[in-house]
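Visitor: Here's a sequence, model it:
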Amino acid sequence: MTDLKLLLNQINPFSSRRETSDDHNEEEFKLPNMTSLVIMLVMNLLLQISFFIVISSSSKYTEYLGGNATFSGIIIGIPTAFAGLSLIPLTKYDKGMYKMPFHVSCCFSILGHVAYALAFRADFLYLILIGRCLTGVAFSMFMYCKRYCTDPRIVGIRRRTTLASWMVICQAMGMSFGPFLGGVLYKVGFSNSIFNGYTSPGWIMAGIYAGFWVLVTKYFEDIPQPPTIMELQSASPIVSLEVKSEDIEASPDYSSASTARPASPIDESFRAQLSLITWFQWGVIACMCWFSMLCFFILGSWEANLPVFGAAADNFHWSPFAAGNFIALGATACFPFLLLNLLAARHIQDRKLLAFGTTVGLAGLIIFLSILRTGKVNYGSLFACWWTVALGFNIATTVTLSLLSKQLPPEWNGPTSIVIQCSNYTGRVAGAIWGGSGVSVGMSNFVGLEIAMVGIGALFFTALWRDLKTKTG
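Guide: Predicted structure coming up:
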């Protein structure tokens, strides 16, 4: 019998090592519940459509109610400012879960779109702004979509860039379908004081969110509540009972255990990990925040600028319908390449995807500056520039959060998701305002600033190239 125990003691370490290795591989490739993942991706798509559907007609809508092109840019960009502010209370009460933010987002989406639509009937310009601010609260869900796809509790390290690529595909679909739908609805018109070319996007999206809210309530499965929280909830009564039944000598152990649990939440481990972060890792965090802001600044500025520039240019004179079609066509042309990016994400490092996307986007900016200088702006040349800018910077947005989630401890996923999303929001707001003002400040200055910002990012990138290395997938 003693010999058998010795034999088992010798075998167990080897078998447990093999099991540990298999478990480790499974951990790296794990995925969340498929139905819930699809719901999260669809929510991301609907939010993108909500953001872009007003782009093609917002300048005309604000002009009709007494606004100007800059005010139109504010209407496009202001929701993301309110999204950032609403993250403060949401992250305080979400308990690391996702269903509560879902309900908040669906509710405020409906309220915001209804207010946007009622501005025409009320003949009140600022009701458009109020509606977009309410929609902005709903856009706080963008952060939860990104966090869900990099959440170490449900997504393995080798699946995070892949899921981020799916998010970017939804982003491009929203960028394509939103302006197209807005332009079509403007073209059809619906000559009615309630439902017309200006207000129909609001009414339609409010109806879609109402139906989707029902599906979320019925089918979305939130992630399991963290075990530590459940242990804390059930530990205190058990400990008190055991203390009474044990000898006095044992009581110090229980009291120390009961005080150790609440005193060792994530805050202390977070502070300990904070002290271990090197200057190079802080540099990587700053680099990803810069590129996150940069990509959405440039994409947002082009989306807001194209309808204004196309309407002002002598050889275009675009209507909202034409501007929406142009934006949608460029985004649609990106799809095949974004699908290739989805496949490439499994085999190519994040830093290389970021470098490739930024280079492609920069090429589009430089070409656009050159055709502005030479006066050779036509439909084909402008489309080529928009396509390369949209493709390049959409690819670059794939890796900003997934790269950090691979380099930093799992407990950092929440804070890094917030920091990256706030960088996105900053880029969106500033980019939309900059895009609406592009014609008035001069188109060469408009593009020149963006090229300079990419140059700053390139300096970051070159200095930190070695530190940006992560696992693929």
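
Visitor: switch to C-alpha atoms for all contacts and neighbour counts from now on
Guide: Will do.

Visitor: And the residue nearest the centre of the chain, how far from Leu47?
Guide: Central residue of the chain (CA atoms, centre = their mean): Phe142, 4.5 Å from the mean position. Using CA to CA, to the nearest Å, we find Phe142 at a distance of 8 Å from Leu47.

Visitor: related to what we said a few turns ago, how about the nearest residue to the residue nearest to the centre of the chain, chain neighbours excluded?
Guide: Asn44 (6.6 Å; CA to CA, 6 or more residues apart in numbering).

Visitor: and if you look at Leu382?
Guide: Closest to Leu382 by CA to CA, 6+ apart is Phe368, at 7.1 Å.

Visitor: Would you mark the buried spots in the host helix or strand of the one you found?
Guide: Applying DSSP states H and E as the criterion places Phe368 in helix 350-374. By neighbour count on 16 or more other CA atoms under 10 Å, the buried set for helix 350-374 is 350-369, 371.

Visitor: Quick check, pLDDT for the closest residue to Lys469 other than its chain neighbours.
Guide: Leaving out its chain neighbours, the residue that sits closest to Lys469 by CA to CA, 6+ apart is Arg351, at 6.4 Å. Here the pLDDT value assigned to Arg351 is 89.

Visitor: just the one 4 residues further on next, same as before
Guide: Per-residue confidence for Ala355 comes out at a pLDDT of 92.

Visitor: what do you get for Lys5?
Guide: Reading off the model, Lys5 has pLDDT 45.

Visitor: Next one: Phe280 from Lys146, what distance?
Guide: Taken as CA to CA, the span from Phe280 to Lys146 is 24 Å.

Visitor: Just want to know which of those two has more residues nearby.
Guide: Between Phe280 and Lys146, Lys146 has the larger neighbour count (other CA atoms under 10 Å), namely 24 against 14.

Visitor: Was I right to think the more buried one contacts Ser417?
Guide: Yes. In this structure Lys146 lies within contact range of Ser417 using CA atoms under 8 Å: 6.9 Å.

Visitor: anything in contact with each of these two?
Guide: Counting by CA atoms under 8 Å, 6 or more residues apart in numbering, the contacts common to Lys146 and Ser417 are Leu401.

Visitor: quick one on the thing from earlier: buried ones in whichever strand or helix holds the residue nearest to Phe142?
Guide: Using DSSP H and E, Asn44 falls within helix 34-52. When neighbours are counted by 16+ other CA under 10 Å, the buried residues of helix 34-52 are found to be 36-37, 39-52.

Visitor: Would you map the helices across the stretch 1-150 of the chain?
Guide: Assigned by DSSP state H, counting those that start in this stretch, the helices in the stretch 1-150 of the chain fall at 2-29, 34-52, 55-64, 69-93, 99-122, 125-138, 141-150.

Visitor: In contact with Phe190, which residues are there?
Guide: Contacts of Phe190 by CA under 8 Å, 6+ apart are Asn196, Gly197.

Visitor: Mind doing that once more with 10 Å?
Guide: Residues near Phe190 by CA atoms under 10 Å, 6 or more residues apart in numbering: Asn196, Gly197, Tyr198, Thr199, Ser200.

Visitor: that older thread, which one of the buried residues of helix 34-52 sits closest to Leu118?
Guide: Nearest to Leu118 among the buried residues of helix 34-52, counting by CA to CA, is Ser50 at 16.3 Å.

Visitor: thinking that closest one is in contact with Leu134, fair?
Guide: No. In this structure, Ser50 is not within contact of Leu134 by CA atoms under 10 Å, at 11.9 Å.

Visitor: Quick check: neighbours shared by those two?
Guide: Common neighbours of Ser50 and Leu134 (CA under 10 Å, 6+ apart) are Ser109, His113.

Visitor: Tell me where the longest helix sits in this protein.
Guide: Longest helix in the chain by number of residues (criterion: DSSP state H): helix 279-312.

Visitor: Lys95: how many residues sit nearby?
Guide: Count around Lys95 with other CA under 10 Å applied: 12.

Visitor: do Pro224 as well
Guide: 10.

Visitor: Please tell me how far it sits from Ser191.
Guide: In terms of CA to CA, Pro224 sits 50 Å off from Ser191.

Visitor: shaky segments in the chain?
Guide: 1-25, 226-276, 473 (pLDDT under 70).

Visitor: just checking, next helix/strand downstream of the strand or helix carrying Lys187?
Guide: Assessed by DSSP H and E, Lys187 sits inside helix 160-188. Downstream of helix 160-188, the next assigned helix or strand under DSSP H and E is helix 200-219.
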